[in-house]
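> this one's structure only:
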């Protein structure tokens, strides 16, 4: 059985990523892209579905692990009675498709075991295994091929490959697994130690530009590194997670494929990158966004493939039993066909925030925007499936209407603030914006509850309502916003974490079972506490949320407050994005929430930072210390 979700660490190369358990088993890897078929799928089944394990032969070995500082290079130390070894795992950044594992003896003599089972097509296809003319192990099935290179003698065990060897202090052994198309020559070899140095330096150079001056600089940097690892470098698209079908409810059916790019994450992601110190990544994401939505506005989707693909049919893989028997296992996502009004607000807010930070648009982007607004004029008053992609029928979701308001508001503000463009019917947009605002305040607010509600006429609450002030729809201190924050705290809080909505009422999403607390919602709640000046409560909640990150700083989509476990796809980009933004909100006088709402018609509404150190809000670049450079060079 696969390990607990929090037992995994991630290594990546800017095109895909692997999940490696504490026990040294690679249980998930899709090659050559995030959304390709997995060649290791034990995460969603058993060892029969593919894995690559490397660790001590002694099952009683004690294990500890960490990432190198500012890097995506993973180091795991295994200590036995006979000695201690370090396993270093990494994927060379933007240099082919390789997963490299280096074993170094630190003390004594440690018996090691390598066990490899390649299973292409999500564990379905057992490859034909042979050796090439150089003696490298080659596994082929259909269009796929992997090559294993090592100096350690290998032997077959059934339909797997194994190696038993001993590493003494001062010795090292390398294993390199490389992917390539089966009809082409074998992938060229890499020099493991040389490429290790280059890869580590690549990540350190990148992470040294990270914003600093917060109470939580280490987790801020780690979250930004995780987001960088989830970017598909060729296009700039950011996957929601590198996994599919890790359950929101252990043993349940809430299992979805997250290896795609969601528009609802657009502005949060853009701001996290730009305010975190990474303009190039924000620009690439903005450009991906414009390309993805280009075309007939009636065909705009809520999510796209990492290169902007629109056809993402949902398929169930019945040969996989699922993570802890959570079935079905799905690839593709049927939500791509849903209608969600909020994506229009996300698009226009992302483009507006980009311009505010110096990323100027172009004529094509403006024409795309005009077409989208013409379409939104016709459809904003219709019900939709909402931000949570419910499968229980369309409704007039309040958050959706607020985001439709955002779309018109940001288009108007762009014109008013100097970016005048031809063909902009600003007065008509202003009329529609005011109409939406009045309707939401009339139909979306319940005076008995003293709160906005999930949808018109409903008595249910929804955590997406926590974004009302951050969108600039109403000021943070408006009594209706304050009442909504208090009502959500009373109604949707579980053990200090905020649910998206009450899943016990299955009419909302049309699905059986429960789900964990959706972690971004808890960060939104903390943002509201910051905006209301409730700094001690905000800090306590932030530290509670950071506390559910695993030992290497990664976090999933949700947290099961009953089982005290991470659930949902992992690591989750949106969780790390909101973590970054909330830390910056707490630490900066003009944090992301205040920036996003500033200048809106109904006011800003944040008190400013709760914490301001000597370097608060400034992106500081530190040189790597000389001894750190020497240490890296020695390891290479």
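Now that the structure is in, tell me what you want to look at. Just so it is clear, the structure is predicted and the values come from calculations on it, not from any experiment.
> count of residues packed around residue 131?
For residue 131, the count of nearby residues is 12 (other CB atoms under 10 Å). C-beta coordinates here come from the backbone N, C-alpha and C atoms, glycine included.
> hey, what's it bridged with?
residue 137 (DSSP bridges).
> That one reaches residue 138, doesn't it?
Yes - using CB atoms under 8 Å, residue 131 is in contact with residue 138, at 6.6 Å.
> Find the residues that touch each one of the two.
Contact criterion CB atoms under 8 Å, 6 or more residues apart in numbering; residues shared by residue 131 and residue 138: none found.
> how close does residue 257 get to residue 23?
Look at residue 257 and residue 23: by CB to CB, to the nearest Å, they are 26 Å apart.
> residues in contact with residue 347?
263, 266, 289, 293, 369, 372, 407.
> Highest neighbour count among the residues you listed?
Most neighbours among the contacts of residue 347, by other CB under 10 Å: residue 407, with 29 neighbours.
> quick one, which of residue 257 and residue 23 is more surrounded?
residue 257 (23 against 17).
> Can you report phi and psi for the residue nearest to that one when sequence neighbours are not counted?
Closest residue in space to residue 257, ignoring its immediate chain neighbours: residue 244 at 3.9 Å, by CB to CB, 6 or more residues apart in numbering. The phi/psi pair for residue 244 (degrees, to the nearest 10) reads phi -130, psi 150.
> could you say what helices and strands the helix or strand containing residue 99 packs with?
Using DSSP states H and E, the element containing residue 99 is strand 98-117. Other helices and strands packing on strand 98-117, by 3 or more CB pairs under 8 Å, 6 or more residues apart in numbering; DSSP states H and E, are strand 51-56, strand 74-80, strand 83-90, strand 160-168, strand 172-181, helix 192-207.
> List the buried residues of the fifth one.
It refers to strand 172-181. 173, 174, 175, 176, 177, 178, 179, 180 (16 or more other CB atoms under 10 Å).
> could the residues you listed be laid out in CSV, adding distance to residue 234?
Formatted as CSV, the buried residues of strand 172-181 follow (distance: CB to CB, whole Å):
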residue, distance to residue 234
173, 33
174, 28
175, 27
176, 23
177, 22
178, 19
179, 16
180, 17
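> so what does the following helix or strand past the strand holding residue 99 touch, helix or strand wise?
On the C-terminal side of strand 98-117, the closest following helix or strand by DSSP H and E is helix 120-123. Packing partners of helix 120-123 (3+ CB pairs under 8 Å, 6+ apart): strand 38-40.
> The strand it packs on - what's its average pLDDT?
Mean pLDDT, computed over strand 38-40, is 98.
> Repeat that for stretch 516-527.
95.
> ok, now stretch 182-202?
If you average the pLDDT over stretch 182-202, you get 96.
> i'd like the first residue to be 22 from this point on
Understood, numbering begins at 22; the last thing we discussed is stretch 203-223.
> Tell me how far it lies from the chain's centre.
26 Å (CA atoms, centre = their mean, to the nearest Å).
> who touches it?
By CB under 8 Å, 6+ apart, stretch 203-223 touches 89, 92-94, 109, 111-114, 116-119, 121, 123, 153, 157, 159, 161-166, 168, 170, 193, 195, 197, 199-201, 653-654, 656-657.
> Show me the helices in the stretch 322-471 of the chain, by range?
Using DSSP state H, counting those that start in this stretch, the helices assigned to the stretch 322-471 of the chain run over residues 363-377, 384-400, 419-437, 447-464.
> Reformat these into a markdown table and put mean pLDDT and distance to residue 609 next to each item.
Shown next, in a markdown table, are the helices of the stretch 322-471 of the chain (pLDDT from 0 to 100; distance: least, CB to CB, whole Å):
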| stretch | mean pLDDT | distance to residue 609 |
| --- | --- | --- |
| helix 363-377 | 90 | 15 |
| helix 384-400 | 87 | 28 |
| helix 419-437 | 95 | 22 |
| helix 447-464 | 97 | 28 |
